[in-house]
Every structure is written in C-alpha cells, then in structure tokens.
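Chemist: Here you go, sequence then predicted model.
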There are 2 protein chains.
Amino acid sequence: MMPRPPKGPSLSRDRGIPEATVARLPLYLRALNGMAERGTTTVSSEDLAAAAGVNSAKLRKDLSHLGSYGTRGVGYDVEYLIYQISRELGLTQDWAVAIVGVGNLGRALANYGGFVSRGFRVAALLDADPEVVGDDIAGLNVEHIDELETVIKRRGVSIVVLATPAGAAQKVCDRVIAAGVTSILNFAPVVLAVPDSVDVRKVDLSIELQILAFHEQRKADRESGGPLMAVDSQ
Amino acid sequence: MMPRPPKGPSLSRDRGIPEATVARLPLYLRALNGMAERGTTTVSSEDLAAAAGVNSAKLRKDLSHLGSYGTRGVGYDVEYLIYQISRELGLTQDWAVAIVGVGNLGRALANYGGFVSRGFRVAALLDADPEVVGDDIAGLNVEHIDELETVIKRRGVSIVVLATPAGAAQKVCDRVIAAGVTSILNFAPVVLAVPDSVDVRKVDLSIELQILAFHEQRKADRESGGPLMAVDSQ
DNA sequence: CCGACTTTGTGCGTCGGTTCACAAAGGGAT
DNA sequence: ATCCCTTTGTGAACCGACGCACAAAGTCGG
C-alpha cells in the first residue's frame, strides 16, 4: 500500500544522493581546485574523471545527482562546479571541530594544515592528562576533558575527532553525544556504539595495514605456490 | 571455452574471499583478541557479531569463506578462530613497513604502538629534509630519501606508508614501486597513479570530514526546513 | 540411545552501485 | 540557417553485497 511514486532506484530527483557519490565528491572537489589554480576554466567529464581516478561515466552520474550543471559539447565550468559541490557538501559554512586526545596523533592532526583550509576550523583541543592540559599546540590551548560539554556548547562544535586511547574512546564518545554532537571521526581502534542518529566515520591504521597484508600474501602465494595446488590443498 | 565449474556467485569454495569480507576480518580479529584476554574460550556468532558491530548472518557468511570452523550448537573456539583469521590475513609472518615522510603525521605513526603489536614492524623511516635526517624517532634512525631503494631491498620492506606532503607523494610512489613494493598506504591527499598490480589504500582526513559535514548539514536542513517540502519539492 | 535445543552454514530475494552505450543537446563552422 | 562534431545525462544490464529465514548438524540431559 501507499502507491509510492514509480521511481526505479530508491531515490528520485529530490535530494537523495547515494552514499557512494557523497564519498567521491570531495575527490572531485580537490581535482577541481587544482585545475582552478592552474587557470583551467572548463573541463570535460573525461578529464576530470582522469584527475580524480574514476570512470567518466561514474563521474557524470555522480554529478547528475546534484543537478544538470554541464554543457553538452563543452563540459563543466570549473568555478561553478566547485561552488555547487562545496555547497552540497556543506563547505560554504564553516564547521567547528574539537579534537579529543592530544597524544602523538592528536597533535599531528591539530598541526595538519590541510583541513583548516576549506570549511573546517579546529575550535578546541581536549585531553585528560594534566601534563598536557594548558599546553599550546598549533596556537590552541589544550583544555581539560572535564570542560568537554561546556566547550562543545560554547564554541558551537558540531564535529568531534576522537584521538584518544582505545580504552577511553567509548566513554568520551558517550559524553560527546550527550552534549549534542552527531558527527564523529574516530581514530581509536574500537567499534563505537552509538545511536542511529549519530554518524561515525572510522579511520583505522592497523585495519588498513592488515588488508594490505592480506593482498600482499595473496600475491606472494600466487607467485611461488602457483595455481597448481593453491586451490583446496586439503 | 574452458567450461569453468558451475559456480553461482563469481567465487567458489577455493580461496576467493570477497573484498568486503577481507575488510571486516581485522574487526573480528580485534574483538576476538579482546575476548581471549578476558578468558573467553568459545563465542557464538551472535555475540561476536555484536562485539564487532555487524549483523550475525553477515559474520557467519564471512567466516564461512575461510572454512567451516564453527561447531553447531556451540559456536566458535576463540583461539582457533584467532589463528585462522590471522593466517588468512597473513599476520603469522611479520611485515617490514617503511614510513616515508617524517612530519607530524609520520612521527605520530612511527610512535603509534598499535600496529607493531601484531605482524607489522616499522623497519625504516625516510625523509628528504636534511634537518630531520639522522634524528632518532621511536628508536629508529631517520634516513635520507636517497637511500629509499637500498633500504627497501636490504630490509625486505614490502609495505610502504606514504606520509609525505601532497606534492612529493607521486614521485616517491613511483620510486617505491620501481623498487618492487606493491602495497602502499597513502596518507597524502592525492590520487596516486599506479599500475593495476599495486595495491593502494588511502587514508584521508579531509575527505572524511567533508563526508561528515555533508550528513551534518543534511540533518540540520531536515530539522529546520522540515520534512514539509524536503521530499520531492516539485 | 533418543529427543529437544542451540547454533551454524547457506539458498535466495533484494538492493545499491558500476558500467556500457546511446539518444539528446548544445557549439561552432560554413 | 543548417550540418557536423563533441560531450552530457541516463536507461538498462550486470555485479557484488546484505540479510532473512531455514534446514542441517551437533550438543547435552535424561
């Protein structure tokens, strides 16, 4: 029941952008920024796709989800497309980010200039260790984790980066969510339990290495053991 | 030609493990290690799935790709499963990893104890900056990038972590590949061009943040703009 | 030795994503 | 104004992945 308008693939023209597409938009944006800097004013899907390392049909379909911003026979206007993608990703406003956990990684992230550039601003650094609280890192004062809720509210933090030890991550995560944050980037090697309404993205070095190791081993097997007895050696 | 055994879904019982499964095995492994430490000897798919944050059917299907290691009515033997997954991922041997680029991030990675633990060993640190070459970081001497090929060969490095500035990444990548490395973990915000035979995994902070921003913006829209005109506004 | 109970392993329907391939659309030249 | 050439936007087939739901398999108590 509820006839549901005859749309084939789940989403209509409205605003349903596939997750896979969202994940690639930043890639396109980066490529476009590079082109804009080099003075390119117009780009074809073929060229942009090459720069972003994807198939051109995929790129066109991705962009078509934002609207019809290309000109047939010509391509896409670089500046205009940068604007449209930025707007879609929400980079026209700026986001206050708090980094919790100022160990080696937290420090590296705080100093990493890359993401301050467009749309993001490190608004707070927090840690539990009295040893580092009060330090100045990348021009910011490290505050005590007890201030978490206050800092989040006061500075309008809407994205939190977790760079704590594994053991502390879930507890901090819970507090952060209780304080109203719904977007978390987690560097701690744990699976965070969160309500559905909260978005968590995970960056996990050791998992990436393990995946590489798997394929590396596979390659090695293929060369030595060969396809001879590799399959089902009993 | 070549009748090709009647397998339905691309891969048979042999050794074709779906990529999606490979990406989850490290997750299971981590959960299992935690259980082993706590003295658990046996675990059901239901419990393990919960610990890893996945659906139990998915977990069972994933594990079934490695073989039939469970006991019906009982579950999986924790130690045995740890061994099987470790072996499948290639963690029973140890992998020499080189980190190229010893800036903030490279340093943080070098000091990160997490991945030294199981299977991986940081065998070299390399940088182009004469200022840091010769420094000792995490007990390792930083060597000059000119030594890249020598170091890779001599120490049997098979996985390289790129933590260079964006501008240097492709050039280093090319050299690394020329030296015979086929597995790269890239932290530089660039799309690397590599031959098909080389595996690259990408970790990109700013992309992750942009994806979070997209969803965050979406949530904000939903609350204010409301579901009134959001869906199919015509 | 049997029967009830638990938990695995998997067949199958479904869904999102990728790719091909082409019709529609626009630009530029004559 | 018309024709040709380029490039977009998308219909449709394909492919891998997900999750339900269940039969097969094994345990444990009596």
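Modeler: That came through fine.

Chemist: Next up, the contacts around residue A:100.
Modeler: A:106, A:126, A:127, A:145, A:148, A:160, A:161, A:162, A:163, A:164, A:172, A:176 (CB atoms under 8 Å, 6 or more residues apart in numbering or on different chains). Any C-beta I mention is one placed from the backbone N, CA and C, and that applies to glycine too.

Chemist: at 10 Å what do you get?
Modeler: A:106, A:124-128, A:145, A:148, A:151-152, A:160-164, A:168-169, A:172-173, A:175-176, A:184, A:187-188 (CB atoms under 10 Å, 6 or more residues apart in numbering or on different chains).

Chemist: Restricted to strands, list those residues.
Modeler: A:124, A:125, A:126, A:127, A:160, A:161, A:162, A:184 (DSSP state E).

Chemist: Relative to DNA strand C, which of these is nearest.
Modeler: residue A:184 (20.6 Å; CB to the nearest atom of the strand).

Chemist: In contact with that closest one, which residues?
Modeler: Counted by CB under 10 Å, 6+ apart, residue A:184 has contacts A:100, A:159-162, A:169, A:172-173, A:176-177, A:192, A:194, A:198-202, B:212.

Chemist: And residue A:106, by the same measure?
Modeler: A:99-100, A:125-127, A:132, A:137, A:142, A:161-164, A:187, B:108.

Chemist: Show me which pair in the ones in strands among the contacts of residue A:100 is furthest apart.
Modeler: Greatest spatial distance among the ones in strands among the contacts of residue A:100 (CB to CB): A:127 and A:184, at 17.0 Å.

Chemist: if we can go back for a sec, buried only: go through the contacts of residue A:106 for me.
Modeler: With burial judged by 16 or more other CB atoms under 10 Å in any protein chain shown, the buried subset of these is A:99-100, A:125-127, A:132, A:137, A:142, A:161-164, A:187, B:108.

Chemist: Please dump the residues you listed into TSV; it should also carry distance to DNA strand D for every row.
Modeler: Shown next, in TSV, are the buried ones among the contacts of residue A:106 (distance: CB to the nearest atom of the strand, whole Å):
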residue	distance to DNA strand D
A:99	30
A:100	29
A:125	35
A:126	34
A:127	35
A:132	39
A:137	38
A:142	38
A:161	25
A:162	23
A:163	27
A:164	27
A:187	22
B:108	30
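
Chemist: Make CSV out of these and add pLDDT.
Modeler: Output for the buried ones among the contacts of residue A:106, formatted as CSV (pLDDT from 0 to 100):
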residue, pLDDT
A:99, 98
A:100, 98
A:125, 98
A:126, 98
A:127, 98
A:132, 98
A:137, 96
A:142, 98
A:161, 98
A:162, 98
A:163, 98
A:164, 97
A:187, 97
B:108, 95
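
Chemist: Can you pull the poorly scored residue ranges out of chain A?
Modeler: Applying pLDDT under 70 to chain A flags residues A:1-15, A:114-117, A:225-234.

Chemist: and it, which residues reach DNA strand C?
Modeler: Proximity of chain A to DNA strand C, by CB under 7 Å from any atom of the strand, involves residues A:9-10, A:18-21, A:54-55, A:57-58, A:60-61, A:71-74.

Chemist: Give me the subset of these lying in strands.
Modeler: residue A:71.

Chemist: Quick check: nearest residue in space to residue A:31, chain neighbours excluded?
Modeler: Of all residues not flanking residue A:31 in the chain, residue A:51 sits nearest, at 4.0 Å (CB to CB, 6 or more residues apart in numbering or on different chains).

Chemist: Pull the contacting residues for that neighbour.
Modeler: By CB under 10 Å, 6+ apart, the neighbours of residue A:51 are A:27, A:28, A:30, A:31, A:32, A:34, A:35, A:40, A:43, A:59, B:191.

Chemist: next one: residue A:57
Modeler: Counted by CB under 10 Å, 6+ apart, residue A:57 has contacts A:45, A:46, A:49.

Chemist: The first one: neighbouring residues, count only.
Modeler: Residues near residue A:45, counting by other CB atoms under 10 Å in any protein chain shown, number 20.

Chemist: and it, what is it in contact with?
Modeler: A:54-63, A:70, A:75-76.

Chemist: Looking at the residues you listed, which is nearest DNA strand D?
Modeler: Once CB to the nearest atom of the strand is applied, the member of those that ends up nearest DNA strand D is residue A:70, at 3.0 Å.

Chemist: residues near the closest one, how many?
Modeler: Around residue A:70 there are 19 residues (other CB under 10 Å).

Chemist: I'd like the distance between it and residue B:137.
Modeler: Applying CB to CB, to the nearest Å, the value for residue A:70 to residue B:137 is 48 Å.

Chemist: One more: residue A:19?
Modeler: For residue A:19, the distance to residue B:137 - CB to CB - is 38 Å.

Chemist: do residue A:180 as well
Modeler: 39 Å.

Chemist: same question, residue A:107
Modeler: 14 Å.

Chemist: How about residue A:45?
Modeler: Computed as CB to CB, the residue A:45 to residue B:137 distance reads 44 Å.

Chemist: Also residue A:54?
Modeler: 36 Å.

Chemist: and if you look at residue A:97?
Modeler: Distance from residue A:97 to residue B:137, by CB to CB: 27 Å.

Chemist: Next to DNA strand D in this structure, residues from chain A, please.
Modeler: Going by CB under 7 Å from any atom of the strand, the residues of chain A near DNA strand D are A:44-46, A:56-57, A:60-61, A:63-64, A:68-76.

Chemist: neighbours around residue A:140, how many?
Modeler: Neighbour tally, residue A:140, other CB under 10 Å: 15.

Chemist: is it true that it touches residue A:132?
Modeler: No. If you go by CB atoms under 10 Å, residue A:140 and residue A:132 don't touch, sitting 11.9 Å apart.

Chemist: any common contacting residues for these two?
Modeler: The contact lists of residue A:140 and residue A:132 share A:102, A:125, where a contact means CB under 10 Å, 6+ apart.

Chemist: Quick one: buried ones out of the contacts of residue A:51?
Modeler: Buried among the contacts of residue A:51 (16+ other CB under 10 Å): A:27, A:28, A:30, A:31, A:32, A:35, A:43, A:59, B:191.
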